[in-house]
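S.K.: fold the stuff below for me.
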Amino acid sequence: MPKQMTCDVVVVGAGMVGAACAYYAGLAGMDVVVLDRGAVSGGTTGGGEGNLLVSDKEPGPELELALLSLRLWGEIADEFGAAVEYEAKGGIVVAETPDALAALDAFAARQRASGVSALSVDPERLRELEPHLTLDALGGVLYPQDAQVMPALAAAHLLRASGARVETGRTVSKVLRRADGSVYGVRTGEQGDIHAPFVVNAAGTWGGQVAALAGVHLPVLPRRGFVLVTEPLPPRRVRHKVYAADYVADVASDSAALQTSPVVESTAAGPVLIGASRERVGFDRRLSLPVVRALAAGATRLFPFLADVRVMRTYAGFRPYLPDHLPAVGADPRAPGLFHACGHEGAGIGLAPGTGHLIAQLMCGQPPSLDPHALRPDRFPEEAVTDDRP
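M.R.: Numbers count the residues shown, from 1 in each chain. All right, here's what the predicted structure looks like:
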């Protein structure tokens with residue numbers, strides 16, 4: 001006989017954002033069930049670099065969410081620390097042309113007005129901060145607040161600490177709704193229904209599909225990116241997260257075409273991670289040699305010593321993209337009881353605690369830590385985005 005469970009909230013998705021939603025709901029005393037058709041961190045989280053960034057965010061709703069999340073990441077680090085490989089390494093954005101440097105300085109000035117620590121540095125100071133950086137750099141901005149975690153570890157620890165029942169390999173086939181339109185749980189095929197007054201859509205790149213199971217529209221599309229992983233290197237060859245100034249423009253771009261901009265950072269285990277690429281090609285995971293070559297060329301331009309370092313592997317991940325580059329966070333008035341926590345694109349790891357905290361506050365009827373209006377999930381017209389996979 002199909003199993004029926006009762007709880008306070010069902011979270012669909014066991015990645016970093018789903019884990020954060022479960023964690024903060026658990027802290028609020030809620031009984032939580034987390035479902036995922038795959039494994040914990042089996043989607044975008046497992047393909048992420050673990051960046052916790054303010055350096056790439058314009059003043060506005062996303063930056064506000066990032067600053068809230070950084071404060072919460074500090075609390076998480078105090079609790080879990082080395083277990084999630086939290087590293088407050090800081091970030092450096094590098095400019096290689098006068099125009100890029102002027103644009104970067106103007107961008108940093110706007111961020112400082114919104115509470116970001118952004119320190120302009122000249123070429124001599126850049127060499128002190130990153131001794132192996134290219135001599136072509138004309139200057140940059142140091143962001144001390146940027147940090148990094150190991151995302152799969154962080155998601156696992158938050159899920160464990162949440163007290164949630166986690167069921168992997170369980171696919172949601174329908175979001176259950178009453179005649180008045182309100183949500184009362186989910187259906188998981190032959191595995192039965194789970195009844196709950198709240199359902200949280202934390203399905204990442206598949207958030208649009210889960211929304212559709214509730215009969216509502218959320219135009220989430222996958223934006224593919226590749227990461228190169230080098231052989232282990234001695235500690236502190238790359239001391240910060242370092243990226244070129246054009247990375248910020250690529251993040252904000254609406255183009256479906258391939259874009260690459262060099263992003264380089266070390267990991268606690270020794271390998272260096274190299275990105276970043278962006279393109280909308282549906283869920284195509286096939287290796288792209290042009291992308292790999294472009295990433296390698298960009299990385300060696302920033303750090304020439306990498307030309308003599310072996311790449312051990314490369315992998316692809318899919319960022320959950322929404323057309324205005326803001327996540328969908330909050331209650332869906334079209335389906336009372338349904339909450340969305342998805343569409344964070346490449347910032348999901350960093351924005352996860354703030355997202356989970358807001359969702360828990362809203363479910364509990366508490367005043368939210370920031371105004372979620374700009375993130376409301378019903379802000380998109382039905383024709384906002386079409387699926388542009390080949």
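S.K.: what's the first helix or strand after the helix or strand of the chain with the lowest mean pLDDT?
M.R.: Ranked by mean pLDDT, DSSP states H and E, the helix or strand of the chain with the weakest confidence is helix 246-252, at a mean of 65. Going down the chain from helix 246-252, the next helix or strand is strand 259-266, by DSSP states H and E.
S.K.: please save the CA atoms from stretch 304-319 in CSV.
M.R.: The C-alpha trace of stretch 304-319 is given here as CSV (Å, rounded to 0.1, in the frame of the first residue of the first chain):
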residue,chain,number,x,y,z
PRO,A,304,51.0,32.3,-16.1
PHE,A,305,52.4,29.5,-13.9
LEU,A,306,49.2,27.5,-14.6
ALA,A,307,50.5,26.8,-18.1
ASP,A,308,52.8,24.1,-16.6
VAL,A,309,50.0,22.6,-14.4
ARG,A,310,48.0,19.6,-15.4
VAL,A,311,44.2,19.6,-15.5
MET,A,312,43.0,16.3,-14.0
ARG,A,313,39.4,16.5,-14.9
THR,A,314,36.6,18.8,-16.0
TYR,A,315,32.9,18.7,-15.3
ALA,A,316,29.7,20.6,-16.3
GLY,A,317,27.0,22.0,-14.1
PHE,A,318,23.7,23.8,-14.8
ARG,A,319,22.9,27.1,-13.2
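S.K.: pull out the buried residues from it.
M.R.: Neighbour counts over stretch 304-319 (16 or more other C-beta atoms under 10 Å) mark 306, 309, 311, 314, 316-319 as buried. In short, each C-beta sits where N, CA and C put it, glycine included.
S.K.: who's in contact with the residue nearest the centre of the chain?
M.R.: The chain has residue 348 as the residue nearest its centroid, 1.7 Å off, counting by C-alpha atoms, centre = their mean. Neighbouring residues of residue 348 by C-beta atoms under 8 Å, 6 or more residues apart in numbering: 15-17, 44-45, 48, 204, 319-320, 327.
S.K.: out of those residues, who's nearest residue 235?
M.R.: residue 48 (22.1 Å; C-beta to C-beta).
S.K.: my read: that closest one touches residue 318, true?
M.R.: No. Judged on C-beta atoms under 8 Å, residue 48 makes no contact with residue 318 at a distance of 10.4 Å.
S.K.: quick one: buried residues of stretch 179-187?
M.R.: Buried positions in stretch 179-187, judged by neighbour count with 16+ other C-beta under 10 Å: 183-187.
S.K.: now do stretch 257-269
M.R.: Residues of stretch 257-269 classed as buried by neighbour count (16+ other C-beta under 10 Å): 259-267.
S.K.: helix or strand: which one has residue 357?
M.R.: Going by DSSP H and E, residue 357 is in helix 348-363.
S.K.: er, residue 300 I mean
M.R.: Applying DSSP H and E as the criterion places residue 300 in helix 289-302.
S.K.: can you name the next helix or strand after that helix?
M.R.: Using DSSP H and E, the helix or strand that follows helix 289-302 in sequence is strand 311-321.
S.K.: partner strands of that following strand, parallel or antiparallel?
M.R.: The pairing partners recorded for strand 311-321 under DSSP bridges are strand 221-230 (antiparallel).
S.K.: run me through the strand neighbours of the next helix or strand after the strand it pairs with, direction for each.
M.R.: Later in the chain than strand 221-230, the nearest helix or strand by DSSP H and E is strand 241-244. Here strand 241-244 is paired, per DSSP bridges, with strand 91-95 (parallel), strand 259-266 (antiparallel).
S.K.: what is the rounded mean pLDDT of strand 241-244?
M.R.: For strand 241-244, mean pLDDT is 94.
S.K.: before we move on, the earlier item: can I get the strands paired with strand 241-244 in CSV including distance to residue 339 and mean pLDDT?
M.R.: Below are the strands paired with strand 241-244 laid out as CSV (distance: least, C-beta to C-beta, whole Å; pLDDT from 0 to 100):
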stretch, distance to residue 339, mean pLDDT
strand 91-95, 31, 96
strand 259-266, 32, 89
